[in-house]
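Asker: after the sequence you'll find the predicted model.
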Amino acid sequence: MSGLCNHSLELTGLAGDPASPVHRLDPRAKIVGLVAVTVVAVSTPLRAWPVYVACAVALVLVAAAGRVPPVTIWRRARVVLPLVLFVAAFVPFLRPGGAEHHLGPLTVSDAGLAVLAAVAAKAAIGTVSAVLLGATTSFPSVLRGLEGLRVPRLFTLIAAFMYRYLFVIVEEVHRMRIALAARAYRPRHVLQAGAIGRSVTALFLRTYGRGERVHLAMLARGYRGTMPELAPLRLGAADAAFIAALAGTLVALRIAIGALA
Amino acid sequence: MTCAIQARDLTYRYPNGHVALDGVDLHIEHGERVAVLGPNGAGKTTLMLHLNGLLMGEGGLEVAGLPVERGSLDELRARVGLVFQDPDDQLFMPTVREDVAFGPLNMGAAPAEALERVDEALAAVRMARAADRAPHELSMGERRRVAIATVLAMHPRLLVLDEPSANLDPRARRELLDVLETIDQTLLVVTHDLAFAAELCERAVILSGGRIVADASCREVLADETLLARHDLELPAGFDLARIQRRPRRAPEVHNGERCSAFSTSMAPCC
């Protein structure tokens, strides 16, 4: 049963060498380090190219240390990147400034192209940071890291349950789709979409019932409103070095470039 | 002098008026393996939910030596392990290890002790290799065994299994029986898999329409075709009860050197 839908969820999970120094870091160190890369890239002015290059180099080093294959990074990043770049793709045609180039009926400005390039760089750096975090840190560890960073427990709990039951719900949706198709359901126009609505209703009710049963199962094992903690996180020297090398260097560079400008 | 379960005239009515338990009298001693048989809608799951206070009906109920009442719930839930029918309801943590540790930690065990219990419970169900895996990566049979480990780790005195053999292929079902026969706690198996009950339990009760309508040795109950048919139960076609070898069990625990007395007068009403 679990084999049905694994293909649709293969984008989650660890990649690279699980025994690598990056994989073994405290999740908080990786979250702080990689979020810092993103924040530095996003906050950098358009033409401060050295900062973008430094961020990219940092990500390449992290990927190499974690032995995450480039093809994995590409496969995961391409899920998000096109959406971001789609929005930026219109900028060169809309934003005036600098020299203009004519492409048939369309006009492209230099200023617009500069914005496009900077947005593409920011998007790529942010996406690859997130991909590297996901590839080197299991989702439960990310949540524990977030908790350690004082993100409210309610949010991390909701995310943890979403992660756990996403697979169950995807399987249910898959079975429903098969059941509809097995009875020759192939909607051709909008009036035939009713069955989908009813499936969604059924799915909602099932999920609601599931929630109640899970709650009962939790109570049966002594749940009293707080999730127990199995092993506390510990920041070590390697974690501090990782944060200092990644966040420290890039933030310092970013501030220096900002001061020059 | 306590019993594993003592229910006296236990009645439960759902908020919509449906009477799910209609005066259940049941007496089970420590160390017994009892099958609760009955058709769908007979009240089997409702009865199970009463056993650690998830539902509270009227009448008397004492489980694992404790009256079922608000003040005793924490201790009661440590003593009574419920294994739900759908392992996906039971296994809600991101990894098997965290899930098995959930109960012991809630009971106040230190993390080191909880981890020891995790190893011990997973070994008991032959799932030690799965500790770091996510529940959704396991097969149905494996999930069922991990679900049993989640309650074994709480060191319960009584284990209640709801339809343990549902949705299992023959091999997973066999492996589950192999695991269950090594468990020496009192077992209450809620099922309509009569062959499964015959192999595991020495005693069977039939719950029908919210009442206990039969209570005898498993062999006697299953041999009475008329009784089974009256309560919408039947053995698989061609099933030969005489050829079933019931799995041996260890001697029942005897508490304080005595058998428990049925319906002790000290039993508190459960709500």
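Answerer: Good, I have the coordinates.
Asker: can you pull the contacts of the nearest residue to A:S20 once chain neighbours are set aside?
Answerer: Leaving aside its sequence neighbours, A:S20 sits nearest to A:G66 (Cβ to Cβ, 6 or more residues apart in numbering or on different chains; 4.7 Å). Heads up, the C-betas are built off the backbone N, CA and C, glycines and all. Applying Cβ atoms under 8 Å, 6 or more residues apart in numbering or on different chains to A:G66 gives the contacts A:16-17, A:20-23, A:132, A:135-136.
Asker: distance of A:G66 from chain B?
Answerer: Separation of A:G66 from chain B (Cβ to the nearest Cβ, to the nearest Å) stands at 19 Å.
Asker: and the pLDDT for that residue?
Answerer: The model reports A:G66 with a pLDDT of 93.
Asker: can you give me the distance of it to A:S199?
Answerer: The gap separating A:G66 from A:S199 is 41 Å, by Cβ to Cβ, to the nearest Å.
Asker: B:G108: what secondary structure?
Answerer: Three-state assignment for B:G108 (DSSP: H, G, I helix; E, B strand; the rest coil): coil.
Asker: could you confirm whether the helix or strand hosting A:Y165 reaches chain B?
Answerer: For A:Y165, the host element (DSSP states H and E) is helix A:153-182. Yes. Interface with chain B: helix A:153-182 contributes A:160-161, A:163-165, A:167-168 (Cβ under 8 Å from any Cβ of the partner chain).
Asker: what of stretch A:226-240?
Answerer: Yes. For stretch A:226-240, a contact with chain B is found by Cβ under 8 Å from any Cβ, at A:227-232.
Asker: in the helix or strand just after the helix holding A:Y165, what's buried?
Answerer: Downstream of helix A:153-182, the first helix or strand assigned by DSSP H and E is helix A:194-220. By 16 or more other Cβ atoms under 10 Å in any protein chain shown, the buried positions in helix A:194-220 come out as A:199, A:210, A:213-214, A:216-220.
Asker: now the spatially most central residue of chain A: which helix or strand?
Answerer: For chain A, A:A130 is the residue whose C-alpha lies nearest the centre (Cα atoms, centre = their mean; 4.9 Å). Here A:A130, judged by DSSP H and E, is contained in helix A:110-136.
Asker: which elements pack onto the next helix or strand after that helix?
Answerer: Using DSSP H and E, the next helix or strand after helix A:110-136 towards the C-terminus is helix A:139-148. Secondary-structure packing of helix A:139-148 (3 or more Cβ pairs under 8 Å, 6 or more residues apart in numbering or on different chains; DSSP states H and E): helix A:27-43, helix A:153-182.
Asker: try 10 Å
Answerer: Packing partners of helix A:139-148 (3 or more Cβ pairs under 10 Å, 6 or more residues apart in numbering or on different chains; DSSP states H and E): helix A:27-43, helix A:110-136, helix A:153-182.
Asker: mean confidence for it?
Answerer: The model assigns helix A:139-148 a mean pLDDT of 88.
Asker: I'd like to know which of the helices and strands packed on helix A:139-148 lies nearest to B:K44.
Answerer: helix A:153-182 (23.9 Å; Cβ to Cβ).
Asker: pLDDT of that closest one, averaged?
Answerer: On average, helix A:153-182 scores 85.
Asker: the closest residue to B:R126 other than its chain neighbours and B:A109, how far apart?
Answerer: Among residues not flanking B:R126 along the chain, B:V179 sits closest, at 6.4 Å (Cβ to Cβ, 6+ apart). According to Cβ to Cβ, B:V179 stands 23 Å off from B:A109.
Asker: same deal with B:M140?
Answerer: Distance from B:M140 to B:A109, by Cβ to Cβ: 29 Å.
Asker: which of the contacts of A:G66 tops the neighbour count?
Answerer: A:T136 (29 neighbours; other Cβ atoms under 10 Å in any protein chain shown).
Asker: what's that one in contact with, if anything?
Answerer: A:14-18, A:20-25, A:27, A:30, A:34, A:62-63, A:65-68, A:142 (Cβ atoms under 10 Å, 6 or more residues apart in numbering or on different chains).
Asker: mind redoing it with 6 Å?
Answerer: A:T136 makes contact with A:22-23, A:66, according to Cβ atoms under 6 Å, 6 or more residues apart in numbering or on different chains.
Asker: same check, this time on A:G148
Answerer: A:28, A:233.
Asker: B:V24: what secondary structure?
Answerer: Reduced to three states by three-state DSSP, B:V24 is strand.
Asker: check what pLDDT B:P39 gets.
Answerer: For B:P39, pLDDT reads 89.
Asker: find the nearest non-adjacent residue to it, please.
Answerer: B:P39's closest residue in space is B:D232 (Cβ to Cβ, 6+ apart), at 3.8 Å.
Asker: now do the residue of the stretch 1-150 of chain A found nearest chain B against B:G60, distance only.
Answerer: Among the residues of the stretch 1-150 of chain A, A:P140 lies nearest to chain B; the distance is 3.6 Å by Cβ to the nearest Cβ. Relative to B:G60, A:P140 is positioned 43 Å away (Cβ to Cβ).
Asker: go on, A:G66?
Answerer: A:G66 is 61 Å from B:G60, by Cβ to Cβ.
Asker: give the burial count for the residue nearest to A:A41 when sequence neighbours are not counted, as a bare number.
Answerer: Among residues not flanking A:A41 along the chain, A:I125 sits closest, at 4.0 Å (Cβ to Cβ, 6+ apart). Using other Cβ under 10 Å, A:I125 has 22 other residues around it.
Asker: quick one, what contacts the closest residue to A:E147 other than its chain neighbours?
Answerer: The shortest distance from A:E147 to any non-neighbouring residue, by Cβ to Cβ, 6+ apart, is to A:T156 (4.9 Å). With contact taken as Cβ under 6 Å, 6+ apart, A:T156 is in contact with A:143, A:146-147.
Asker: if you set the cut-off to 10 Å instead, what comes out?
Answerer: A:140, A:142-149, A:227.
Asker: from chain B, how far out is it?
Answerer: 11 Å.
Asker: burial of A:A241, as a residue count?
Answerer: Neighbours around A:A241, by other Cβ under 10 Å: 14.
Asker: list the buried residues of whichever helix or strand it is part of.
Answerer: Counting by DSSP H and E, the element that carries A:A241 is helix A:237-243. Residues of helix A:237-243 classed as buried: A:239, A:242-243 (neighbour count, 16+ other Cβ under 10 Å).
Asker: that one: what's the following helix or strand?
Answerer: Immediately after helix A:237-243, counting by DSSP H and E, sits helix A:249-260.
Asker: by contact count, what packs against that following helix?
Answerer: By 3+ Cβ pairs under 10 Å, 6+ apart, helix A:249-260 packs against helix A:27-43, helix A:49-65.
Asker: which parts of that helix are buried?
Answerer: In helix A:249-260, counting by 16+ other Cβ under 10 Å, buried: A:250, A:253-254, A:257.
Asker: which parts of chain A belong to which domain?
Answerer: For chain A, automatic domain parsing gives the domain ranges A:12-149+A:234-260, A:153-220.
Asker: between the ones you listed, which gets the lowest average pLDDT?
Answerer: Mean pLDDT is lowest for domain A:153-220 among these, at a mean of 84.
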